[in-house]
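Novice: my questions concern the predicted model and sequence given below.
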Amino acid sequence: MTAKRCGVVFVVAGVLVALGLGCRGGIADTAAYQEAAQPAILGLPRLAQRAADAQFGAVGAEIKPSVVLLIQAIDTQAGYLKGLNVSASAPDLRIAHEDYLAACQTYRDTLDKLVERIEFTAVPDTKRIIREATAAYDATAAAWLEAAGVTAP
């Protein structure tokens, strides 16, 4: 390899290493996190509406499709945040981010189990399960928003 090519290889390798190290740290401040998490923050009202539809609006045979729509909203919500890398230099934000993703997964798992046996569950019990799962999710979502420095939309 000629000296010129060798120099180009070292420059390219240096740039790649610098980019890798710069990206590794992740989001370290709430302003950058708020910007990156904006789709998820703006998606909260839609998820809340889906939860309300499943808890209060649906009757009889309408409950299962309402719960399925709620599960889709949860998946969308979590999908917005799964790719975000929150820096260890922002531990409170990182913990809230991870807790929120775990709450989304728990919420989804609970509703998945409900959908599997919804035909065998009485309507009041179905709505109670949805209400309790939603309350647990809402508490974690509120803590996530607080850690991110955002007021609920």
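Specialist: Arrived safely. Residues are numbered from 1 along each chain as shown.
Novice: what residue is smack in the middle of the chain?
Specialist: With distances taken as C-alpha atoms, centre = their mean, residue 78 lies nearest the centre of the chain, 2.7 Å away.
Novice: okay, it: pLDDT?
Specialist: At residue 78, the predicted lDDT confidence score is 92.
Novice: just residue 16 next, same as before
Specialist: Per-residue pLDDT puts residue 16 at 35.
Novice: residue 112 contacts residue 68, correct?
Specialist: No. Residue 112 is beyond contact range of residue 68, at 9.8 Å (criterion: C-beta atoms under 8 Å). In this view, the C-beta of every residue, glycine as well, is placed from N, C-alpha and C.
Novice: settle it for me: which of these two has more neighbours?
Specialist: Remark: of residue 112 and residue 68, residue 68 carries more neighbours, 16 against 13, as counted by other C-beta atoms under 10 Å.
Novice: quick check: that one touching residue 115?
Specialist: Yes. Here residue 68 reaches residue 115: they are 6.5 Å apart, a contact under C-beta under 8 Å.
Novice: mutual contacts of the two, please.
Specialist: Listed as contacting both residue 68 and residue 115 by C-beta atoms under 8 Å, 6 or more residues apart in numbering is no residue at all.
Novice: now the element after the least confident helix or strand in the chain by mean pLDDT, going C-ward?
Specialist: Here the helix or strand of the chain ranked lowest by mean pLDDT, DSSP states H and E is helix 3-24, holding a mean of 38. Sequence-wise, the next helix or strand downstream of helix 3-24 (DSSP states H and E) is helix 30-36.
Novice: that following helix - contacts with which helices or strands?
Specialist: Contacting helix 30-36 under the criterion 3 or more C-beta pairs under 8 Å, 6 or more residues apart in numbering; DSSP states H and E are the following elements: helix 91-116, helix 123-148.
Novice: now tabulate those helices in a markdown table and tack on mean pLDDT and distance to residue 63.
Specialist: Formatted as a markdown table, the helices and strands packed on helix 30-36 follow (pLDDT from 0 to 100; distance: least, C-beta to C-beta, whole Å):
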| stretch | mean pLDDT | distance to residue 63 |
| --- | --- | --- |
| helix 91-116 | 93 | 9 |
| helix 123-148 | 93 | 6 |
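Novice: possible to save the ones you listed as JSON lines with distance to residue 45?
Specialist: Listed next are these as JSON lines, based on distance: least, C-beta to C-beta, whole Å:
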{"stretch": "helix 91-116", "distance to residue 45": "16"}
{"stretch": "helix 123-148", "distance to residue 45": "12"}
